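Participant: need a 3D model of the following:
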Amino acid sequence: MAVFFFQFYFLSIFEKNIKVSDCLVIIPTYKEKENIEKMIRKVFSLEKAFHLLIIDDNSPDGTAEIVKSLLKEFEGRLYLEQRAGKLGLGTAYIYGFKWALKRQYQYIFEMDADFSHNPEDLIRLYKKCNEEGADVAIGSRYINGVNVVNWPMGRVLLSYYASAYVRLITRMKIRDTTAGFKCYRRKVLECINLDKIRFTGYAFQIEMKFTAWKLGFNLQEVSIIFTDRTAGQSKMSKGIFKEAVIGVITLKIRSYFKKYTCK
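Facilitator: The predicted model follows:
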């Protein structure tokens, strides 16, 4: 009887600390020591249970060490994958998607570490897929005006018109085509040949949406407020925008010669 009691007690503690989830949030990091612990604790405080995969590109500021210090506290919910260097946002997400597909997650999310994406909105993205039939739920800055905080006007205009440019070229009906806050149903990532995704910066976000759309999946937007980072350094560069501008044309031209079917 005593053995049964102790087994039950330790099982209860184990289940309390390790929450089963059908959702995985992927957060790529590079020099995010000011934000990462706060982000991890915020995600794990939500009413919906999420698991977190941090993919760190050898941050020189100790970001990975902060995550390592939390692994035991959040055992079974928090995971860390370290890469040898700064290999690009797109390759980090592809790595994370493949990691998720080897496990039983049904909803896979993209999110930034710097709180520009509000973790509370993870639940809204989840419901858009789980309850409202979306295959890809997109956290959109532009379906109700321009919902951006702390950006200079030049950057707001650049982002807004970049999205309009992408719509013009691709004919997608998505208002925020470069958005990086998303939820995918598992079946979408299983269908896309991830090894054929070519772009690594902002064009990666466009290519993933365009590919899912061409494959016939249902893409829906959820209005969010995007708040620019208050800690850490922005990763934005002219090269990223150049890739997006040229990449969209390349993407469209390629689509004329490509048959979109599940891999």
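
Participant: strands of the stretch 51-200 of the chain, residue ranges please.
Facilitator: 51-56, 78-82, 107-110, 136-140, 148-149, 182-185 (DSSP state E, counting those that start in this stretch).

Participant: now the ones you listed in a markdown table, with mean neighbour count and distance to residue 163?
Facilitator: Where you see a C-beta, it was placed from the backbone N, CA and C, and this is true even at glycine. Below are those laid out as a markdown table (neighbours: other Cβ atoms under 10 Å; distance: least, Cβ to Cβ, whole Å):
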| stretch | mean neighbour count | distance to residue 163 |
| --- | --- | --- |
| strand 51-56 | 24 | 26 |
| strand 78-82 | 17 | 30 |
| strand 107-110 | 25 | 17 |
| strand 136-140 | 25 | 9 |
| strand 148-149 | 14 | 12 |
| strand 182-185 | 26 | 14 |
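
Participant: dump these to a markdown table, plus distance to residue 35.
Facilitator: Below are those laid out as a markdown table (distance: least, Cβ to Cβ, whole Å):
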| stretch | distance to residue 35 |
| --- | --- |
| strand 51-56 | 11 |
| strand 78-82 | 15 |
| strand 107-110 | 16 |
| strand 136-140 | 18 |
| strand 148-149 | 16 |
| strand 182-185 | 19 |
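
Participant: can you check which of these gets nearest to residue 217?
Facilitator: strand 136-140 (6.0 Å; Cβ to Cβ).

Participant: which residues sit against that closest one?
Facilitator: Contact with strand 136-140 is made by 117, 121, 124-126, 128-129, 174-176, 179, 181-185, 188, 209, 212, 217-224, 226, as judged by Cβ atoms under 8 Å, 6 or more residues apart in numbering.

Participant: now the stretch 151-263 of the chain, which segments are flagged as low pLDDT?
Facilitator: Flagging of the stretch 151-263 of the chain using pLDDT under 70 yields the residue ranges 229-241, 244.

Participant: switch the cut-off to 50
Facilitator: 232 (pLDDT under 50).
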